[in-house]
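A.B. asks: I would like the atomic coordinates for the input below:
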Amino acid sequence: MRVRSPRRLRKPHARGELRAVVDETIAFFHRLRWVADQIYGEDGRSTARRGILRGLLRYGPQTVPVLARARSVTRQNVQPVVDALVEDGLAELRPNPAHARSRLVRITPEGEALVREMDLVDERVLGAVGAGLPLRDLEITVSTLRTLRQRFETGLRWKAALNAGV
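C.D. replies: Here you go, the predicted structure:
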């Protein structure tokens with residue numbers, strides 16, 4: 001099934017430079033999700049599926065609750081994705097020595113091969129899109145986005161702002 005490309009962001013939607021960063025980040029996320037569906041095809045299937053497989057390869061076996069916490073979602077959101085990965089032979093469930101009921105999800109050799117294939121696709125696509133971008137601009141972008149993400153993760157700043165209007 002072909003999904004239409006997301007709309008292009010034509011004009012800023014709100015005042016302020018930080019709001020422009022947020023708007024652009026959201027638009028960028030939607031564009032990346034659409035591009036990922038185009039470049040990975042049926043094997044990639046979903047952002048959650050790709051993310052879980054990549055996480056299992058990079059960080060090793062994990063329980064479903066740990067996978068969910070890393071994505072700020074519930075275990076119930078992750079379980080169907082893990083079940084599908086197991087059914088497709090890309091992951092397997094193993095006994096967990098640290099917990100009797102919460103088994104470890106481990107990537108299989110087939111899952112590893114798929115992640116490596118997706119990483120090669122990423123290298124080619126990112127190389128083509130990033131050609132000519134100044135390294136310093138990318139470093140500043142990464143630093144700024146990381147700082148903003150960390151400020152939202154703490155909750156101290158944004159939760160206080162909610163109460164300030166009361």
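A.B. asks: contacting residues for the one residue sitting closest to the centre of the chain?
C.D. replies: Centroid-nearest residue in the chain, with C-alpha atoms, centre = their mean: residue 51, separated by 5.5 Å. Residues near residue 51 by C-beta atoms under 8 Å, 6 or more residues apart in numbering: residue 71. No exception for glycine: its C-beta is placed from N, CA and C like everyone else's.
A.B. asks: try 10 Å
C.D. replies: 67, 70-71, 78, 81 (C-beta atoms under 10 Å, 6 or more residues apart in numbering).
A.B. asks: just the buried residues of the residues you listed.
C.D. replies: Buried residues within the contacts of residue 51, defined by neighbour count using 16 or more other C-beta atoms under 10 Å: 67, 78, 81.
A.B. asks: pLDDT weak spots in the protein?
C.D. replies: Residue ranges of the chain with pLDDT under 70: 1-3, 6-15, 43-45, 165-166.
A.B. asks: just the helices in it please.
C.D. replies: 17-44, 47-59, 64-70, 75-87, 109-130, 135-154, 156-164 (DSSP state H).
A.B. asks: looking at those helices, which is closest to residue 99?
C.D. replies: For residue 99, the closest of the helices of the chain is helix 64-70, at 9.3 Å, according to C-beta to C-beta.
A.B. asks: show me what counts as buried in the closest one.
C.D. replies: In helix 64-70, counting by 16+ other C-beta under 10 Å, buried: 64, 66-68.
A.B. asks: is it possible to export those to JSON lines including distance to residue 33?
C.D. replies: JSON lines is the format used below for the buried residues of helix 64-70 (distance: C-beta to C-beta, whole Å):
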{"residue": "64", "distance to residue 33": "23"}
{"residue": "66", "distance to residue 33": "24"}
{"residue": "67", "distance to residue 33": "19"}
{"residue": "68", "distance to residue 33": "20"}
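A.B. asks: return the member of those residues nearest to residue 22.
C.D. replies: Closest approach to residue 22 among the buried residues of helix 64-70 (C-beta to C-beta): residue 68, at 25.0 Å.
A.B. asks: the closest one contacts residue 74, correct?
C.D. replies: Yes. Assessed by C-beta atoms under 10 Å, residue 68 is found in contact with residue 74 at 5.8 Å.
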